[in-house]
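In: Coordinates for the following, if possible.
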Amino acid sequence: MSTKKKESEKRESAVEALSGKAREVWLAGLGALASVEEEGNKVFNKLVDKGTAFEERGKKQIDEAYEDLSDSYKKLEKKLKSTFNKAEDEIDENLQELIHKMGVPTQDEIKELTTQVEKLIDKVDQLSKKVDQGEKKAAASKSTASKSK
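Out: As a prediction, the model looks like this:
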């Protein structure tokens, strides 16, 4: 029996040893989980800090890019307006030349002619009044002359 006892004791000690090892593995796993949780929180907080800094840099870069783009747009807009105005002036000049070559009077020429016509109308009216007055005088003197005869 002593052999059986010894075998039984060996088994029990092996089972205890395995149980102890299993418990140690279990505890090591829990320790690893606790470490991961602690380190995970630290890593998470570090990532949040880095993300915040990255976001601020990104916003700053976007704002700078927007300002650069806005400035470029304003410069381009000025250049386009200037070019458009020059083209418009050239078109106006070309049209003026074409109209002049065709013999169509300009607004200034029409205004000048209108002024001259108005002056002529005034002179004709004055002459017409003088002629009317002269005819009245001639008729009056004829009637006086015929009465005296």
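In: Quick one: mean pLDDT over the single longest helix found in the chain.
Out: When the chain is parsed with DSSP state H, its longest helix is helix 2-102. On average, the pLDDT along helix 2-102 is 87.
In: Can you spell out which helices and strands pack onto it?
Out: For helix 2-102, there is no helix or strand it packs on, judged by 3 or more CB pairs under 8 Å, 6 or more residues apart in numbering; DSSP states H and E. Bear in mind the C-beta positions are built from the backbone N, C-alpha and C, glycine included.
In: I'd like the next helix or strand past it.
Out: Per DSSP states H and E, the first helix or strand lying C-terminal to helix 2-102 is helix 107-148.
In: can you give me the mean pLDDT across that next one?
Out: The model assigns helix 107-148 a mean pLDDT of 84.
In: report the angle between the axes of it and helix 2-102?
Out: Orientation of helix 107-148 against helix 2-102 (axes from the mean of the first three to the mean of the last three CA atoms, to 10 degrees) gives an angle of 30 degrees.
In: how distant is helix 107-148 from the center of its chain?
Out: How far helix 107-148 lies from its chain's middle: 67 Å, per CA atoms, centre = their mean, to the nearest Å.
In: In contact with Ser35, which residues are there?
Out: Residues in contact with Ser35 (CB atoms under 8 Å, 6 or more residues apart in numbering): none are found.
In: distance of it from Val43?
Out: 12 Å (CB to CB, to the nearest Å).
In: With Ser82 instead?
Out: Counting by CB to CB, the gap from Ser82 to Val43 is 57 Å.
In: Over to Ser128?
Out: 110 Å.
In: same check, this time on Glu67
Out: From Glu67 across to Val43, the span is 36 Å (CB to CB).
In: same question, Met102
Out: For Met102, the distance to Val43 - CB to CB - is 85 Å.
In: quick one: which of those two has more around it?
Out: When Met102 and Val43 are compared for neighbours, Val43 comes out ahead with 11 against 7, by other CB atoms under 10 Å.
In: ok now do the more buried one, which residues does it touch?
Out: Contacts of Val43 by CB under 8 Å, 6+ apart: none found.
In: do that again at 10 Å, thanks
Out: Val36 (CB atoms under 10 Å, 6 or more residues apart in numbering).
In: what's the answer for the one 5 residues further on, then?
Out: Residues touching Val48, when contacts are defined by CB under 10 Å, 6+ apart, are absent altogether.
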